[in-house]
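Peer 1: Fold the following.
(chains A and B)
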Amino acid sequence: MELFTYEFMQRALIAALFTGLAAPAIGTYLVQRRMALMGDGIGHVAVTGVALGLLTGTSPTWTAVVVAILGAVAMELVRERGHTNGDVALALLFYGGLAGGVLLTGLGGQSAARLQEYLFGAITTISLGDILVTMVLAAVVVLCAVGLAPQLFAIAHDQEFARVAGLRVRAYNLLVAVLAAVTVTVAMRTVGLLLVSALMVVPVATAQQLSRTFRTTLAAAMVLGTAASVGGLTLSALVSGSATVAPGPAIVLLSLAGFLATWPVGAWLRHRARLRAPFVELDPADHLETDPHPHDHGPACGHVAVEHGDHVDYVHDGHRHAVHGRHYDEH
Amino acid sequence: MSTSPTTTDDPELPVRLEGGAVALGGRPVLRHVDLTVRTGDFLALMGANGSGKSTLVRALTGLLPLTAGRLRVFGHAPEELADRDRIGFVPQRSGAGSGVPASVWEVVASGRLTRRRLLRPLSRADRAAIHDALEVVGLAGRSRESISQLSGGQQQRVLIARALAGQPDLFFLDEPTAGVDLPNQVALAEALGRLKDRGATIVLVAHELGPLAPLVTRAVVMRDGRVAYDGAPLGDHEVHDATFGEPHAHHHHDHPSTTGHRGGHDHTPHVAAPLERG
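Peer 2: Numbering: from 1, shown residues only, chains lettered A, B, ... in the order given. From the prediction side, this is the model:
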């Protein structure tokens, strides 16, 4: 494990850890608002910001932060208006941002390879200054996402209720947009602008396969995101002797593998919940006894037991059998 | 009922709306609406689809701005009402849930936000209020379940519990019985009955009252954006009758718009702004 004694590797691990925590934290709120692709849109806009930095010779990180925040606020305002088609507005920003970035990079005489560091991540070349910025910004994102969870949850769940309750809905919505933009630029060096949305969304999708509450979804997504980013980086470092594996794609694919592993479990749980959902509390129209019934139903008989008003129906072969005295009724 | 502007606003009067008008997308929807809600009222806002009853409730909660008129809720304009915890709002149940699972407890807990400070964990009083709210709607045993696993009527009761968790004095409910089956409507009526016994003031929008009918102490019928009737409760069939059952009832109200209405059914197709849900 001498690899981990290199300073560049330690820096990369710190960056991966902080990105893995912050991206799913804010991503949970984006998924809750059904805006899973917003991170992707901001990422595309940030490309222009990076190119602007390269062109003017200032730090691409800071120009990306500024442009990404402007783009995210613009998207939020478009969404708030609600009149124009939000999808189309997002698409315009996507392609405008990407095309603008590539054009500006060319104008500045920079090679495409320089831009590629930001598009797909270059976590092992991260500088000491960048690592400090990453840590501070990621910490701010995590603190806001966790500390303001009750408010952000209420607004994303029911905006009108939140407004009547006196929350400053617009300010919180803009805060989410700004935090998402900050996260995108934080994750830019880790997984790259084109893959950043994956780290914001995939851990959340994995977490909600198994959880029933918002809190556990948020917490599990942050754990899964950290595991994927640290794990992906480690994997790519371990095989670096025999093959060239870029850390960014490795992190995203590991995260997706986690989703694929939990999806069947989630699908089975949902199927089971549907089977066991209570029947409507109405008494059957007439009293209908079953044919002679050799089997005794009970908690351990193996048939699905479904709540039905004040009793339980046992479901088998398309029938619903309810205990009635010494026989069973068809319900 | 005097419509002259009063210089002092009674901070204990739940709602006083004078000459209220609301426009949706530039089209005038509510015009010249006067409405006073007194402490302890159980008021049913009724009327046909598109008559403006939901718009009126959304204006009273401050969600829609008035284009004319004057609104005081507990003596304050809605935007400057500092003690938001005196109002509980139960919006129409939206069809689509959110993208992330949420438990019944978490949804009801968000009703405490009117009383919580930033960055503070739930206090013991918060937890007690949330638990009490779930008891009132009869869902205390299901607080850990995901809200998407509940039926429509149970989800509606969760929204009532959320408003109740803030321990407000005045409740606004927008179509609480819409799309709810009869057993759940009965459970809903029981929960609202308990609120009424605690002295809450309740304003609810309803197309049909069903099991809520015995609770209602006052009915306001909207027609085409104006108050067409304000008085004793009406049966469901009387609401859509232009004479509001007056041949049978002995009450007679001197509200200007009840005397001004024309006889006969109003079958004119209503043109509503796209955002209005009636």
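Peer 1: excluding its backbone neighbours, what's nearest B:T114?
Peer 2: B:D85 (3.9 Å; CB to CB, 6 or more residues apart in numbering or on different chains). Using the backbone N, CA and C atoms, a C-beta is placed for each residue, glycine as well.
Peer 1: Surely the one you found touches B:L170?
Peer 2: No - contact between B:D85 and B:L170 fails when scored by CB atoms under 8 Å: they sit 10.6 Å apart.
Peer 1: can you tell me how far the residue nearest the centre of chain A sits from B:V216?
Peer 2: Centrality entry for chain A: nearest residue to the mean C-alpha point is A:V201, 2.3 Å, by CA atoms, centre = their mean. Note on A:V201: its distance to B:V216, by CB to CB, to the nearest Å, is 47 Å.
Peer 1: same thing with A:Q10?
Peer 2: To B:V216, A:Q10 is 70 Å away according to CB to CB.
Peer 1: How about A:L137?
Peer 2: Distance of A:L137 to B:V216, computed by CB to CB: 55 Å.
Peer 1: Comparing A:Q10 and B:V216, which shows the higher neighbour count?
Peer 2: Legend: neighbour count by other CB atoms under 10 Å in any protein chain shown for A:Q10 and B:V216, higher for B:V216 (21 against 13).
Peer 1: Isn't the more buried one up against B:P233?
Peer 2: Yes - using CB under 8 Å, B:V216 is in contact with B:P233, at 4.4 Å.
Peer 1: overlap in contacts of those two?
Peer 2: B:A44 (CB atoms under 8 Å, 6 or more residues apart in numbering or on different chains).
Peer 1: Which residue comes closest to A:A145 once chain neighbours are left out?
Peer 2: In space, A:A145 is closest to A:A25, 3.8 Å off (CB to CB, 6+ apart).
Peer 1: Next, the one you found: phi, psi?
Peer 2: For A:A25, the backbone dihedrals (degrees, to the nearest 10) come out as phi -60, psi -50.
Peer 1: what does chain A have sitting close to chain B?
Peer 2: Applying CB under 8 Å from any CB of the partner chain, we find that chain A lies next to chain B at A:28, A:31-34, A:36, A:147-148, A:150-151, A:153-154, A:156-158, A:160-167, A:204, A:208, A:211-215, A:217, A:273, A:277-278, A:280-282.
Peer 1: Repeat the analysis, applying 7 Å as the threshold.
Peer 2: A:28, A:31-34, A:147, A:150-151, A:153-154, A:156-158, A:160-161, A:163-167, A:204, A:208, A:211-215, A:217, A:273, A:280-281 (CB under 7 Å from any CB of the partner chain).
Peer 1: Can you show me the helices along the stretch 1-150 of chain B?
Peer 2: Secondary structure of the stretch 1-150 of chain B by DSSP state H, counting those that start in this stretch: the helices cover B:53-60, B:104-109, B:124-136.
Peer 1: Also the stretch 151-300 of chain A?
Peer 2: A:159-164, A:169-188, A:196-210, A:214-238, A:247-275.
Peer 1: helices and strands around the longest one, which ones?
Peer 2: Going back to what we said before, that points to helix A:247-275. Applying 3 or more CB pairs under 7 Å, 6 or more residues apart in numbering or on different chains; DSSP states H and E, one finds that helix A:247-275 contacts helix A:196-210, helix A:214-238.
Peer 1: Doesn't B:T177 belong to a helix?
Peer 2: No - under DSSP: H, G, I helix; E, B strand; the rest coil, B:T177 sits outside any helix and is assigned coil.
Peer 1: Return the distance of it relative to chain A.
Peer 2: Separation of B:T177 from chain A (CB to the nearest CB, to the nearest Å) stands at 17 Å.
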